[in-house]
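[1] any chance you can model this:
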Amino acid sequence: MEHTINLFVKSIFVDNMIFAFFLGMCSYIAVSKNVKTALGLGIAVIFVLLITLPVNYLLNACLLTPGSLAWISPALAEIDLRFLSFILFIAVIASVVQILEMVIEKHTPTLYNQLGIFLPLIAVNCAIMGGSLFMQEREYANIGETLAFAAGSGIGWCLAIIGIAAIREKLHYSNIPEPLRGVGITFILTGLMGIAFMSFMGIKL
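    Below is the predicted model of the structure:
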């Protein structure tokens with residue numbers, strides 16, 4: 001249990017998808033102009049991670065890794081299907097994102113219009129795919145660890161985009177040099193936030 005909690009906390013602060021691995025930067029920069037929209041996208045990313053990572057974990061454990069097909073026949077025990085990881089993981093992610101898009105369009109059309117093209121682009125958000133590939137590479141022991149990693153990664157990404165959105169809203173009232181306005185100052189702030197998050201690396205987990 002303690003290991004699972006440590007994994008959850010580490011995924012939020014130390015192994016943050018934005019500040020440690022720079023995954024999902026396109027949506028992070030484009031949809032962080034106001035807090036409300038950033039919060040909506042952040043919650044959507046958390047939801048997609050919480051669904052896709054456990055499903056992809058089960059696919060990896062029961063189908064892709066060497067020996068995982070032994071439950072069908074001992075003759076298939078040595079087959080290695082990990083080369084299918086990208087195709088299967090992306091198919092799962094795209095399916096979940098499509099369902100999420102239809103739900104948001106039906107129940108919160110305002111948020112759907114604000115997110116625009118970046119809602120379906122969650123399907124190709126590198127943070128989502130990166131989560132599944134990290135899960136496979138780190139070989140988590142059970143689905144509980146996978147859920148903790150998924151929740152932590154999603155919350156960390158959500159905190160990052162909400163934080164930059166809140167700062168960018170305040171920047172409307174600041175006198176920023178013209179060459180740095182927009183994406184320029186956003187990249188500078190992202191770097192400073194990344195340095196701030198590096199302070200969590202000193203925490204013993």
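[2] list the buried residues for stretch 171-186?
    Within stretch 171-186, the residues scored as buried using 16 or more other C-beta atoms under 10 Å are 185-186. Yep, even glycine has a C-beta here, placed from its N, CA and C like the rest.
[3] so where's the chain uncertain?
    Counting by pLDDT under 70, the low-confidence segments of the chain come to 124, 204-205.
[4] could you pull out the helices for it?
    For the chain, the helices defined by DSSP state H cover 2-13, 25-30, 35-59, 85-107, 109-115, 126-138, 143-171, 183-198.
[5] and those as a markdown table, adding distance to residue 69?
    Formatted as a markdown table, these follow (distance: least, C-beta to C-beta, whole Å):
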| stretch | distance to residue 69 |
| --- | --- |
| helix 2-13 | 28 |
| helix 25-30 | 36 |
| helix 35-59 | 12 |
| helix 85-107 | 14 |
| helix 109-115 | 40 |
| helix 126-138 | 16 |
| helix 143-171 | 19 |
| helix 183-198 | 41 |
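[6] and of the ones you listed, who's closest to residue 77?
    The closest approach between residue 77 and any of those, judged by C-beta to C-beta, belongs to helix 35-59 at 17.5 Å.
[7] elements contacting that closest one?
    Packing contacts for helix 35-59, counted by 3 or more C-beta pairs under 8 Å, 6 or more residues apart in numbering; DSSP states H and E, involve helix 85-107, helix 109-115, helix 126-138, helix 143-171.
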